[in-house]
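Student: Fold the following for me, if possible:
(2 chains)
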Amino acid sequence: MRVIVRKRVVVPRRFALAVRIGSVVLALLAVAVIFHAYGVNPFDVYRSIFFNAFGTKVGLTETIVRMMPLLLVSAGLALVFKTGFWNIGAEGQLLVGAMAAYVVARTFPDAPPIALIPSMFLVGFAAGAAWGIPPAVLKAKLNVNDVISTLMLYYVIYWVFQHLIHGPWKAREKVGQLTYGGFAHTEIISKNAWLPVIGETRIHWPTLVLSVLAAVGVYVFLNYTTAGYEMKVVGDNPEAARAAGISYLRTVTLAMIISGGLAGLAGVGEFAGIQHRFTPEFLSGYGFTGIITAWLGGVNPIGLLIANFLFGGLLVGGQYIMIDYKLPIGVVDMFNGAILFFVLAGDFLLRYRIQIRR
Amino acid sequence: MASEATAVASEPRETDLLVKMVSIVKRFPGVLANDHVNFELRPGEVHALLGENGAGKTTLMNILYGIYHPDGGEIYVRGRRVEIRSPRDAMSLGIGMVHQHFMLVDRHTVAENIALGYAKSLMNPLKEIKEKLREFAEKYGLKVDPDAYIWQLSAGEQQRVEIIKALYHGADILILDEPTSVLTPQETKELFKIVERMRDEGKGIIFITHKLDEVFEVADRVTVMRRGKVVGTLKASETTKEELARMMVGREVLFRLEKERVSRGKPVLEVENLHALNDRGLPAVRGVSFRVHEGEIFGIAGVAGNGQRELAEVVVGLRKATAGRVLIDGVDVTNKSPRFISSKGVAHIPEERLRHGIVPNLSVAENLILKDYYKEPYRRGLLLDHSKVIEDAERLINKFDIVTPSPLTPAKLLSGGNIQRLICARELHKEPRLIVAAHPTYGLDVGATEYIRRILLEQRKRGAAVLLISEDLEEVLQLSDRVGVMFNGEIVGIVRPEEVSIEEIGLMMAGARRLAREEMAS
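Tutor: Now for the predicted structure:
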């Protein structure tokens, strides 16, 4: 028997969709084996995840709360991936955005929300973008590996962040007459900087609006602007791009500004909409999960909405199974890992035909 | 068809045939690459397999060599029915193949490359190999230094290593896939001598080619393929070039393109004492000077790797010159950006059209605006005017006869000839001053080749200057008004094709002859 692998020329749209869905299903089956090994019934677990994420009102709104940052991150990533640049450090860009929002909120605690909130988003975008630019420049000028530089810059900002909340930014607490630094967290920002939410939910609607705009925006940008055209050319054939006079540096830098900036917005939303202060556990991995949803959704608003909604649900439902089935906290990460693994493996099927002969 | 294939000469006994392929069928998505093909090879013959690109020659041979598996048909080797599932099977049946692109490890020596997977003794195989190499050198004239590193060898020598590899494994059926495409005329002659000696030894040689002249020089019989079918098998001594061409293309072909006299105008491209490095940082262009005038095609002949590619890249702005100047219409464009040089009226038909010429996943329409998307009328503020893009694409598709289902079809789905037409359409519709064309017909079939050559001549007539770089010597001589021969980064001679013999150019290409400055054609 022989296995023959050959490059695919055309990928039928339906086949692509089937492979994507099939990958996710296979990932669920693979994780089911592990649930089984833990002695719980995987089908119960999945039913529980589904019910808790989508079956109740609270679950549904929480799913949207999780979807918003994911959508912002993955919209930017889907775009930058189109240029063939691998931004793995969205988590860092998200964190920088959140830190910038904190600085703005702390500096102008008495500014009216109408001025404060837009400024936070603006500065957050700029900060995320700024954190995204160096890897683009390094790659264009010195051919520094993008995967490594973006990922390492996440660690750089992560430890800067840890330093700040353990030191300079640490909240001063009052006990009797004494004021001293207590636990490693910052003070809660002024209410003026809190994002408005919808009713009793935790859905901070400015972020929701921004995230949907981002998903639509990257699609329009890529397909209807000259800058988007340049990104497609650079991503598909950098040599032809060079011959046509398209600057790799400019194109990739712009893509990273958008990607880093959108991740920064996600950070602002998460900080000013949900947490309102920094703790060591501020980050919850949206920057990494966004890589998977960007891959699943592509530069397509519908695709991104579906992928991120489902992943938002998985994050929400995952919390419940940890409690209900006493499963370790790593289970949800394992889910993410398995799904990314299978999606990437499935991509191989999209690019190559595999034939088996005897 | 079978009757034609066997109607030649006296019928040899079945068991005398080295190879007999009967009714071979091979399908690829959307193409019938081999449509009930019959083919046979006798011992002691050179059998040319002639056809345009895409006619199915290489597919058929890849089936014989076990790279592809046929969808139908039977293969007999020395009268025995066989299933060839892999090159390993093929080799054990005594079938060897020398591919168009060599499969050698650059950083290993000749002997080591042969040892790789071929050595029969475990201990010190190199000694045994060197002995064999001496034997082959004597017997067939296959001379190579066993201790030389592959990267030090010329293309011709590397090819010899490939042949030795096959012989070392005991091949007596040898498939040569377009073996002359990388050789100088002298190297080609040597190859033909080697091939003849192997034939006289009783080996069977299958010689894939699309060059008619080679058939008459080296082949005993020829099988012509067109669109996946065998058109016929003939004795080389009993046919003519015209007949073969007709069989190959399916219609009459003009061998002499009408080259009108065009009066030469003022210089468009001036290259002065140009120097440049190659990708490895070594000098590749070393003090090249020449001029190309309006209404003139200036050809650059040379064996691949003698600086032609680097020269073209410097002219269009893709490579930095380390010294010297490039002028377009008197304007110094040395080391300017590709976009600036393009805006001075320089068109570029790049070598490796898939790698440099198109953006494969973008549509034909999007590919057509690659050099103009940032200008009016396509750019509207930040936006791209799609309806204008499509409208102009349709116009160019018609004008340049690009065969595509729609302007929105991804460029990678077009055939090689149509991709080249797409590139021509994009580069030439603005009536450029200078056209830098690198291997413009490489790998194209006869029809597309004819088309591209005609277009270049039309541009010349219009008054464009053309810098033509090609490994196809015949093409250079046929199209050019003057030819510069490059060797080792220098132009060793500038000649007029009508005033020079092919042997003389061959000597220059091999670095054995060099013209003095005053001998050069101006």
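Student: I'd like to know how many residues surround the closest residue to chain A within the stretch 401-522 of chain B.
Tutor: Nearest residue of the stretch 401-522 of chain B to chain A: B:Leu413, at 6.5 Å (CB to the nearest CB). Placement of C-beta: from N, CA and C, glycine included. If you count neighbours by other CB atoms under 10 Å in any protein chain shown, B:Leu413 ends up with 17.
Student: Could you double-check that it lies in contact with A:Val11?
Tutor: No. In this structure, B:Leu413 is not within contact of A:Val11 by CB atoms under 8 Å, at 11.7 Å.
Student: pLDDT below threshold where in the stretch 51-200 of chain A?
Tutor: A:174-175, A:178-181 (pLDDT under 70).
Student: burial of the residue of the stretch 251-400 of chain B found nearest chain A, as a residue count?
Tutor: Going by CB to the nearest CB, chain A is nearest to B:Arg339 of the stretch 251-400 of chain B, at 2.7 Å. B:Arg339 has 15 neighbouring residues, counting by other CB under 10 Å.
Student: and it, what element?
Tutor: In this structure, B:Arg339 sits in helix B:338-343 according to DSSP states H and E.
Student: so what strands line up beside the helix or strand just after that helix?
Tutor: Sequence order places strand B:346-349 as the next helix or strand after helix B:338-343, per DSSP H and E. Take DSSP bridges as the rule and strand B:346-349 pairs in its sheet with strand B:434-438 (parallel).
Student: For the partner strand, which outside residues touch it?
Tutor: Residues outside strand B:434-438 that contact it (CB atoms under 8 Å, 6 or more residues apart in numbering or on different chains) are B:268-269, B:292, B:308-309, B:312, B:315-316, B:328, B:345-351, B:427-428, B:456, B:459, B:464-470.
Student: Now with 6 Å, please.
Tutor: B:268-269, B:312, B:315-316, B:346-351, B:459, B:464-469 (CB atoms under 6 Å, 6 or more residues apart in numbering or on different chains).
Student: Filter those residues down to just the ones in strands.
Tutor: If you go by DSSP state E, those have B:268-269, B:346-349, B:465-469 in strands.
Student: so can I have TSV of those residues showing pLDDT?
Tutor: Shown next, in TSV, are those (pLDDT from 0 to 100):
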residue	pLDDT
B:Val268	96
B:Leu269	96
B:Val346	96
B:Ala347	95
B:His348	95
B:Ile349	93
B:Ala465	96
B:Val466	96
B:Leu467	97
B:Leu468	96
B:Ile469	93
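Student: Drop anything exposed from those residues.
Tutor: Neighbour-count burial (16 or more other CB atoms under 10 Å in any protein chain shown) applied to the ones in strands among the contacts of strand B:434-438 gives B:268-269, B:346-349, B:465-469.
Student: what about stretch A:77-86, distance to the chain center?
Tutor: What separates the centre of stretch A:77-86 from the centre of its chain is 13 Å, taken as CA atoms, centre = their mean, to the nearest Å.
Student: Can you give me the end-to-end span of it?
Tutor: 8 Å (CA to CA, to the nearest Å).
Student: now stretch A:273-291
Tutor: The straight-line separation of the ends of stretch A:273-291 (CA to CA) is 23 Å.
Student: what does that stretch rub up against?
Tutor: So stretch A:273-291 is contacted by A:69-70, A:73-74, A:77, A:90-91, A:94, A:165, A:184-186, A:188-189, A:195, A:204, A:207, A:311, A:336 (CB under 6 Å, 6+ apart).
Student: B:Val364: which of the buried ones among the ones in strands among the contacts of strand B:434-438 is nearest?
Tutor: Taking CB to CB as the measure, B:Val364 lies nearest B:Ile349 of these, at 16.8 Å.
Student: so that closest one makes contact with B:Pro440?
Tutor: Yes. The criterion here is CB atoms under 6 Å, and B:Ile349 meets it with B:Pro440 at 5.0 Å.
Student: which of the contacts of stretch A:273-291 count as buried?
Tutor: Judged by 16+ other CB under 10 Å, buried ones among the contacts of stretch A:273-291: A:69-70, A:73-74, A:77, A:90-91, A:94, A:165, A:184-186, A:189, A:195, A:204, A:207, A:311, A:336.
Student: Which residue ranges of the stretch 251-358 of chain A form strands?
Tutor: Along the stretch 251-358 of chain A, counting by DSSP state E, counting those that start in this stretch, strands occupy A:352-357.
Student: Can stretch B:404-411 be said to contact chain A?
Tutor: No. Figure legend: stretch B:404-411 not in contact with chain A (CB under 6 Å from any CB of the partner chain); closest approach 8.2 Å.
Student: end to end, how far does that stretch reach?
Tutor: From start residue to end residue, stretch B:404-411 stretches across 9 Å - CA to CA.
Student: List the buried residues for that stretch?
Tutor: Per 16+ other CB under 10 Å, stretch B:404-411 contains these buried residues: B:404, B:407, B:410-411.
Student: Stretch A:74-93 too?
Tutor: Judged by neighbour count (16+ other CB under 10 Å), stretch A:74-93 contains these buried residues: A:74-93.
Student: Narrow the residues you listed to those in helices?
Tutor: A:74-82, A:90-93 (DSSP state H).
Student: which one of those sits closest to A:Leu349?
Tutor: When these are compared against A:Leu349 (criterion: CB to CB), the nearest one is A:Phe81, at 18.5 Å.
Student: ok, and the closest non-adjacent residue to the closest one?
Tutor: Of all residues not flanking A:Phe81 in the chain, A:Ala294 sits nearest, at 6.2 Å (CB to CB, 6 or more residues apart in numbering or on different chains).
Student: Could you report the neighbour count for the one you found?
Tutor: 30.
Student: Can you give me every residue that contacts residue 91?
Tutor: Chain wasn't specified; assuming chain A. Residues in contact with A:Glu91, defined by CB under 6 Å, 6+ apart, are A:154, A:287-288.
Student: To clarify, I was referring to chain B.
Tutor: Going by CB under 6 Å, 6+ apart, B:Met91 touches B:His169.
Student: Centre-most residue in the chain?
Tutor: If you meant another chain, say so; for now it's chain A. The centroid of chain A falls nearest to A:Gly290 when counting by CA atoms, centre = their mean (3.0 Å).
Student: please go with chain B instead
Tutor: With CA atoms, centre = their mean applied to chain B, the nearest residue to centre is B:Tyr442, 4.6 Å.
Student: Tell me the residue of the stretch 101-250 of chain B that sits nearest chain A?
Tutor: B:His101 (16.7 Å).
Student: For B:Asp332, see how far away that residue is.
Tutor: 39 Å (CB to CB, to the nearest Å).
Student: A:Gly182 too?
Tutor: Separation of A:Gly182 from B:Asp332 (CB to CB): 70 Å.
Student: again with A:Asn237
Tutor: A:Asn237 is 30 Å from B:Asp332, by CB to CB.
Student: So which of those two has more stuff around it?
Tutor: A side-by-side neighbour count of A:Asn237 and B:Asp332, using other CB under 10 Å, places A:Asn237 first with 26 against 12.
Student: how would you label the spatially closest residue to that one that is not a sequence neighbour: helix, strand or coil?
Tutor: Of all residues not flanking A:Asn237 in the chain, B:Val359 sits nearest, at 4.6 Å (CB to CB, 6+ apart). Classification of B:Val359 using DSSP: H, G, I helix; E, B strand; the rest coil returns coil.
Student: who are the neighbours in contact with B:Val359?
Tutor: Under the criterion of CB under 6 Å, 6+ apart, the contact list for B:Val359 reads A:233, A:236-237, A:240, B:367.
Student: again, only using 7 Å
Tutor: A:233, A:236-237, A:240, B:367, B:370, B:411 (CB atoms under 7 Å, 6 or more residues apart in numbering or on different chains).
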